[in-house]
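1. Structure of the sequence below:
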Amino acid sequence: MRSNKPKPQGVTIIELTIVLLILSILSSVAVTVYAGHLVRARYAAARMDIHSLEMAASRYQLDLGVYPPSSSSATWTYGNAVTMDVDADYPYKPVGCGYLMLCLLHSTSGSATSPSNPRWMGPYLDVKQVKLGNSANRDERLTDYTSTTLASVPAAAVSLLDPWGRAYVYMRCDDYNTSTSTPALVGAQVPASSKYIGELYYNPTTIQIYSKGVDGATDAGTSAATAATASGLAADDINNFFN
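-> Predicted structure coming up:
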């Protein structure tokens, strides 16, 4: 007996194309949404890092009466006077936060168990090595070094890295400077139109910390000195004094 039940039809090329197109659109939307969440998560992580650094530096200052020195150094050695590196492209800007991390984690003796000052009560911060980099060598992560080459990383050049793999930049109020003396560091300055009369710098009595954000640059201004006064104030930067 012959059946009148219709035979199943195969999927046509047009139907298959429509399905693939829909899947492609959904995939694009998912990637875009994920990318947006990733960027926001990184900015949130940077703000948390900066807040943690600021609080740790404040505890250090309460114990020792001073904030850690600004910037980093590729040449400083234990027991010698502080030498602060400046940005090679913008010579009025600090480089990383090497001294901050050294003081918070180990004291300037290099040993948390035998600090250089008996008032040092650290470590003031808990940091995983994967978040540390060598600011004297393009912020290369310490985890990329072997046990042998790690010993060559300058003690005052080990900086905390932001979520984009670049060192946070740190400067204390003692080193804000509008001259070209050595080291020629200039802190981020408030606009001339500021209502706070007489205040030249953001956080005039404490510290400035910032991340250069997703683009890795904070180059506002027309000259090196002018750019330095706006350090940390680019649209994508994250800092502890403006946003």
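2. Stretch 49-57: which residues count as buried?
-> For stretch 49-57, burial by neighbour count (16 or more other C-beta atoms under 10 Å) applies to 49, 50, 52, 53, 54, 56, 57. C-beta here means a position set from N, CA and C on the backbone, and glycine is covered the same way.
3. Just confirm the third one contacts residue 125, I think it does.
-> Yes. Applying C-beta atoms under 8 Å as the test, residue 52 and residue 125 come out as touching, 6.6 Å apart.
4. quick one: contacts of stretch 120-131?
-> 52-53, 56-57, 59-60, 63-64, 101, 103-107, 112, 115, 141-143, 160-161 (C-beta atoms under 8 Å, 6 or more residues apart in numbering).
5. can you do 6 Å?
-> Residues outside stretch 120-131 that contact it (C-beta atoms under 6 Å, 6 or more residues apart in numbering): 56, 59, 60, 63, 104, 105, 107, 112, 142, 143, 160, 161.
6. Just send the buried residues of stretch 49-57 back as a markdown table, with pLDDT and distance to residue 201 too.
-> Output for the buried residues of stretch 49-57, formatted as a markdown table (pLDDT from 0 to 100; distance: C-beta to C-beta, whole Å):
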| residue | pLDDT | distance to residue 201 |
| --- | --- | --- |
| 49 | 98 | 22 |
| 50 | 98 | 17 |
| 52 | 98 | 22 |
| 53 | 98 | 18 |
| 54 | 98 | 16 |
| 56 | 98 | 21 |
| 57 | 98 | 16 |
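7. Residue 191: which of these is nearest?
-> Residue 191 has its nearest neighbour among the buried residues of stretch 49-57 in residue 50, at 21.6 Å by C-beta to C-beta.
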